[in-house]
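Engineer: One predicted model, sequence on top.
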Amino acid sequence: MSKLLEVEKLSISFSQYFKGLEQRELKVLSDLTMDVDDHEILAVLGSSGSGKSLLAHAILGILPSNAKIAGSIRYKGKEMDDELKEELRGKKISFIPQSVNNLNPLMKVKDQVIGYTESEEEKQVLVKKQREIFNQYNLSEEVDEMYPFQLSGGMARKVLISTALLNDPEIIIADEPTPGLDEQAVEETINNLVELKEKGIGMILITHDIHTAIETSDRIAILYLGYVIEITDTKNFSGDGKNLLHPYTRSLYRALPETHFELTEGHQPSYQHIPKGCPYHENCPHQVRECHYELPELRELNGTVIRCFNPLVDGE
Amino acid sequence: MTKTEENKQGFLNLNLRTKTLLVTVIALIILVSVFLSNFLIDHQAVLTSNFYNINQAPSFEHLFGTDWMGRDMFMRTLLGLGISIGVGAFASVISTVVAILLGVFSSVNTLVDEVVTAIIDLFGSIPHILLIILVSLAFGGGYYGVIMAVGLTHWTPLARVLRAEIKKINTSEYIKLSNEFGKSKLWIAKKHIFPLIISQIIVGVILMFPHAIMHEASISFLGFGLPAHEPAIGIILAESMKYLSMGYWWLAFYPGLSLLLLVLLFDLIGENVHRLLDPQSAQE
Amino acid sequence: MNNRTKTFIRNKAIHFILLMLAVAIFSFVLLELSPIDPVNAYLKQAVISPEQRIMLEQYWGVNQPLTTKIWGWLSNLLQGNLGTSLIYRVPVVDVIVERFMASFVLMFFSWIISGFLGFGLGIVAGKNKGGWIDKLVKLYCYILQSAPSFWIGLLILIIFSVELGWFPIGMSVAIGTVSSDATIWQWLARLVLPTLTLSLVGVAPIAMYTRNELVNVLSSDYILFARARGESGWPLIERQALRNILLPALTLQFQNFAELFGGAVLVEQVFSYPGIGQTAVAAGLQSDVTLLLGIVLVSAVFVFVGNLLADVMYFFVDPRIRENEYLDKN
C-alpha cells in the first residue's frame, strides 16, 4: 500500500530585493523529505517566522508566482502536477489556515464555509452539511450570519476547521491551529484534530508549538533553517528524551520547563545567511569536522530519519 | 536548484539595479540638457517672425512645423519646456519648504497639529485649479503669480506624509528613550528623525515636479499664467486653438506631447528613486 | 435613527459650517490681496468724473478696513446674497445656477462613464497582472495621468471636429450672454466631446487604483485560503474580491469630485462649453470678484458633498463600520 502523501527533496526559494535594489536568493525550505499516512498526524515543527506555511502552500499548489520550487510531491503514489493539485485542493486535500485573517472580512461566515457552488442544489446540500458541522462544534445559528470580525478566537478556529470538513477530505493540512487561543480552546482544538485522525484522515500539522505537536501527533518532523533535521516518533519525546537522536531536537526537548529547562547557547542564524555544511553546526556541541563543509544527507537510524554526522545514539 | 540557475539569478539581480540607475541617469541628462538648452538658444532669433515660412507642416527642417509668424515650433517648444522646468523647480522648492515647516510644526503639540490639519483640510476643499487661480490673482498674476500659486498649493501631500511619519517616529521606543536620557529636541531631530524622513522628502519633491509643471501649463493655458509673449507650453497651446480649425494640428500636437514626455520623465525618475530607497515597492 | 447616526450627522454638519466659513474668508482675503480694483474692473476703462469715482468707491467699499469688508460679505452670504456679477450684470446666484447645471450634466456623465470604464479596466488588468492587457492599461493610465487634460481635449477636437468633421468647431457662446436660446440638440452636440475628454481622463486614476487594489486583495490571506479550497478564475474574483474592491473604488470616485471639477474647468475652456468652469475663468480674467468668490464657494460645497457621500457609504455599507463593536474595539 502506498503512502497517502509523500514529499521528496522539496526546496522552495524566493528572490528578494534589498536597499538599492540588490537582489538576493532566499531559501526557505531545503531538501525536505517526509510522508504521511491515513490515521496519522505528522507534526512539522519549526520556529515561527520560518517558511513552514509554504510547505502547505506547495502541496496545495498556491505558492506565489515568484516562488521557485524543486522536488516532488506524490499523492497515493501519483506525481502531483499543477493539474492534479488543482483537482485535489478543497476536495481530497483540505487546508486549515492560521487565523481569522484567512476569512474574507466582508463575507458572512456561512457563505464562506459553504464556499463556491455551481448550482442551487449543490448549495442546498452544503448548507445542510454546514449546519450539521456547526452543531457538532456548538456554533449557534447566529454565527452563520456573522462577519469574521465578530468571531472570538475560539469560534474562528472552529469555523476554520469546519471549512475543512465540508468536503470529506482524505488529507488535512493544519497551519498553526493553536496560537492565540486560551487554554480551554487549545484543548478543544487538539481534541478536534485527534478526533479527525481517528476517523481516518491523514493530517499534516504545521506548528511552532512543541506542546501541540507532542499532544496531537504520531510523528514529528523537526525543521531547522528550512532543513528537516529529524523525523521521529512522538513517543520519543518522553522521559529524558534519550531516543531523540539529533542534538538540536534533544536540546529543544530539554529546554522545556517540565523536563530540564536547559537553555542552550547561541541562536538560530537568519535565513539570509544559511551556513555552509550542516545548518546547525554553529550551535552544535557535538559537531565533527565534516559538519563545517558538508551537508549531511537524510538517513534512517533506529527507526528515525535523521540528518546528522554525529547523532546521539549512545543514550547520553 | 542548480548552480547555473543561481548564476543567472545573480546576473538578473545586477540588471535591475543597474537598469534602474541607468534609466534614472539618462532621464536626468535629458532633463538637464533641455533646461540648459534654454541658455544656449538665441531667444531673439527664435522668437522673431519670419513670414517666408509661416504655418508649415512638420518637416526635417522644422521638426514640429512653424506657426503663424513663421517661428520654428521645435525651438519654441524647447524654450517652453525650459520655462516649465524652471517654474516647476522654483515651485517645488517653495512647496517643500512649506511642507517641511508644517510637518515639523505639527509635532510641537496637539493644538498646532490641529491647526496644520485644518489648513491641509482647507487647501483640499477647493478644486486645485481654482485655488491656483485665486493665489495667482492674489499675487498679481504674471511670473510671480504663477510661481507663488503653484508653489503654495503643492505642499499638502508631502506635508501629510511628513506629519504622519514624524508622528510615528516620535512615538517609537528609542525616541522616548532619548528623551529620558535628556537629549535635546534638536539633537533627537537631527540624529533620529531627519535621516528617516529624508528619503520621503526626496521622493516627495521629485513627484511634486510633474504636478507643478502640469498646473503651470494649465493656468497659462487659461490665461492666468505667464505673459502672452512668453513661449510657455500653456500659452503655445492656447494660441494654437485659433488655428486648429484651419488644420494646423502640429501647433497643438507636438508641444503637448513634449510636455507629456517631460512629465513622464519626472515620474520615471521619481519612481526609480523611490524603488532604490524603498526596496519594498519593487518586490512584486 | 440611532445615536450613532445622530452623532455622525452632527459632526458632519459642524465640519461643513466651519469649512465653508474658512473657505469663504480665505478666498475673500486672497482676492483682497490682489491688486484688482473693483471700480476699474466695473468701469472697463470708461472715463468718469472724480466725484462719480468716489461714489463708486463708496459703493464697493474700497476704503473700508478688511474686517468690515469680510463681515459685510459674510453677512450677505448668510442671507443667500452673493452679490451681483460684474460681467453678466445679474445676481451671482442666477449665473451660478444656470452655469452649474450645464457643468453638472457634463461632470455627471463623465463621472459615470469613467467610473464604469475605469473599474472594468482595473479589474481586467489586475486579474491579468503582468500580462499584455495589464501593461496596456497601465500604459494608458500613465499617459493619461501625465498629459494635461486640456491637451487631450485639443487632440479630441482635432480628431473629431477638424479631421473627421463630426462636430462643429467654435460653438462658443460669447461670455456675458446667457445661452438659453440654444436648442436641446445643439446643446447635446456640444456635450459629447467634453464628456468624452473628461471621461477618458477620469478613467486613469480609478483604473489604476482598482488594478492595484485587486492585486493587493489577490495576494491577501483570504484569497489564498479561497484558492486552497479550490476556488479559481472569475468565480473567485467575483465572489471574493469584487465587493471588497468596489467599496474603496467607489469611495475614490467620490473623493475625485475636486479633480472632476478641475478637469471641467480646463475642458470647458477647450470646447467653449458654457459651464461653471468657463465662467470661473472669465470671472478671474475680467476681475469679476463677486462671481469668482461665489463659484469658489459652490465648488467647495461640491467637493464636500463628494467626500460626504464617500463617508456615508462607508458608514452604512461596510459591515465592520456598520457594527458599533468594531469602532469601539478599535
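Structural biologist: Sure, I can see it. Residues are numbered from 1 along each chain as shown, chains lettered A, B, ... in the order given.
Engineer: Any regions of the stretch 51-200 of chain B where pLDDT drops low?
Structural biologist: B:51-56, B:60-62, B:70, B:174-175, B:180, B:185 (pLDDT under 70).
Engineer: Nearest to chain A: which residue in it?
Structural biologist: B:S199 (10.2 Å; C-beta to the nearest C-beta). All C-beta atoms are positioned from the backbone trio N, CA, C, and that covers glycine.
Engineer: what about A:M34, distance to chain B?
Structural biologist: From A:M34 across to chain B, the span is 20 Å (C-beta to the nearest C-beta, to the nearest Å).
Engineer: go on, A:D209?
Structural biologist: To chain B, A:D209 is 28 Å away according to C-beta to the nearest C-beta.
Engineer: quick one: what helix or strand has the residue of the stretch 51-200 of chain B closest to chain A in it?
Structural biologist: helix B:194-222 (DSSP states H and E).
Engineer: buried stuff in that helix?
Structural biologist: B:197, B:200-201, B:203-222 (16 or more other C-beta atoms under 10 Å in any protein chain shown).
Engineer: can you list the residues of the stretch 101-250 of chain B near chain C?
Structural biologist: Taking C-beta under 8 Å from any C-beta of the partner chain as the criterion, the stretch 101-250 of chain B approaches chain C at residues B:118, B:121-122, B:124-130, B:133-135, B:137-140, B:210, B:214, B:217-218, B:221-224, B:234, B:237, B:240-241, B:244-245, B:247, B:249.
Engineer: Show only the entries of those found in helices.
Structural biologist: B:118, B:121-122, B:124, B:128-130, B:133-135, B:137-138, B:210, B:214, B:217-218, B:221-222, B:234, B:237, B:240 (DSSP state H).
Engineer: in chain B, what residue is nearest chain C?
Structural biologist: Closest point on chain B to chain C, by C-beta to the nearest C-beta, is B:G256, at 3.5 Å.
Engineer: Please tell me I have it right and that residue contacts C:L154.
Structural biologist: Yes - when contacts are counted by C-beta atoms under 8 Å, B:G256 is listed as touching C:L154 (6.7 Å).
Engineer: what about A:D182, how many residues close to it?
Structural biologist: Number of residues near A:D182 (other C-beta atoms under 10 Å in any protein chain shown) recorded here: 11.
Engineer: mind checking pLDDT for it?
Structural biologist: A:D182 is assigned 75 on the pLDDT scale.
Engineer: Pull up the overlap in contacts between B:G256 and C:L154.
Structural biologist: Residues touching both B:G256 and C:L154 (C-beta atoms under 8 Å, 6 or more residues apart in numbering or on different chains): B:L237.
Engineer: Apart from its neighbours in sequence, what residue is nearest A:H246?
Structural biologist: Take A:H246 and drop its neighbours on the chain: the residue closest to it by C-beta to C-beta, 6 or more residues apart in numbering or on different chains is A:E230, 4.1 Å away.
Engineer: That neighbour: what secondary structure?
Structural biologist: Per DSSP: H, G, I helix; E, B strand; the rest coil, the local secondary structure of A:E230 is strand.
Engineer: which ones are touching the residue of the stretch 51-200 of chain B closest to chain A?
Structural biologist: By C-beta under 8 Å, 6+ apart, the neighbours of B:S199 are B:L277, B:D278.
Engineer: hmm, try it at 6 Å
Structural biologist: Residues near B:S199 by C-beta atoms under 6 Å, 6 or more residues apart in numbering or on different chains: B:L277.
Engineer: Get me the contact residues on the stretch 201-330 of chain C for chain B.
Structural biologist: Counting by C-beta under 6 Å from any C-beta of the partner chain, the residues of the stretch 201-330 of chain C close to chain B are C:258, C:261-262, C:265-266, C:269, C:281, C:284-285, C:296, C:299-300, C:303.
Engineer: Look up the closest residue to residue 156, ignoring the ones flanking it.
Structural biologist: Just so you know, I chose chain A. A:V100 (4.1 Å).
Engineer: that's the other chain; I wanted chain C
Structural biologist: Distances taken as C-beta to C-beta, 6+ apart put C:T197 closest to C:I156, at 5.2 Å, once the chain neighbours are dropped.
Engineer: Likewise for B:F123?
Structural biologist: Using C-beta to C-beta, 6+ apart, the closest residue to B:F123 is B:T156 (5.2 Å).
Engineer: looking at it, that neighbour is touching B:I120, isn't it?
Structural biologist: Yes - taking C-beta atoms under 6 Å as the definition, B:T156 is a contact partner of B:I120 at 5.3 Å.
Engineer: re earlier: and for the residue nearest to A:H246, the neighbour number?
Structural biologist: Around A:E230 there are 27 other residues, counting by other C-beta under 10 Å.
Engineer: same question, A:I69
Structural biologist: When neighbours are counted by other C-beta under 10 Å, A:I69 comes out with 16.
Engineer: sorry, back to before: buried ones only from the residues of the stretch 101-250 of chain B next to chain C, please, as a PyMOL command.
Structural biologist: Listed next is the PyMOL selection for buried residues among these, using 16+ other C-beta under 10 Å:
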select buried, chain B and resi 122+124+125+126+127+128+129+130+133+134+135+137+138+139+210+214+217+218+221+222+223+224+234+237+240+241+244+249
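Engineer: follow-up on the earlier one: got the angle for the helix holding B:S199 vs helix B:128-138?
Structural biologist: Orientation check (axes from the mean of the first three to the mean of the last three C-alpha atoms, to 10 degrees): helix B:194-222 against helix B:128-138 gives 80 degrees.
Engineer: Does the residue of chain B closest to chain C belong to a helix, a strand or coil?
Structural biologist: Note that with three-state DSSP, the state of B:G256 is helix.
Engineer: Contacts only, for it.
Structural biologist: So B:G256 contacts C:W151 (C-beta under 6 Å, 6+ apart).
Engineer: Chain neighbours aside, what residue packs nearest to the residue positioned nearest the centre of chain B?
Structural biologist: When C-alpha atoms, centre = their mean is applied to chain B, the residue found nearest the centroid is B:F209 (0.5 Å). Spatial nearest neighbour of B:F209, chain neighbours left out: B:F266 (4.5 Å); criterion: C-beta to C-beta, 6+ apart.
Engineer: Can you tell me the SS state at whichever residue of the stretch 51-200 of chain C sits closest to chain A?
Structural biologist: Nearest residue of the stretch 51-200 of chain C to chain A: C:G130, at 8.0 Å (C-beta to the nearest C-beta). Classification of C:G130 using three-state DSSP returns coil.
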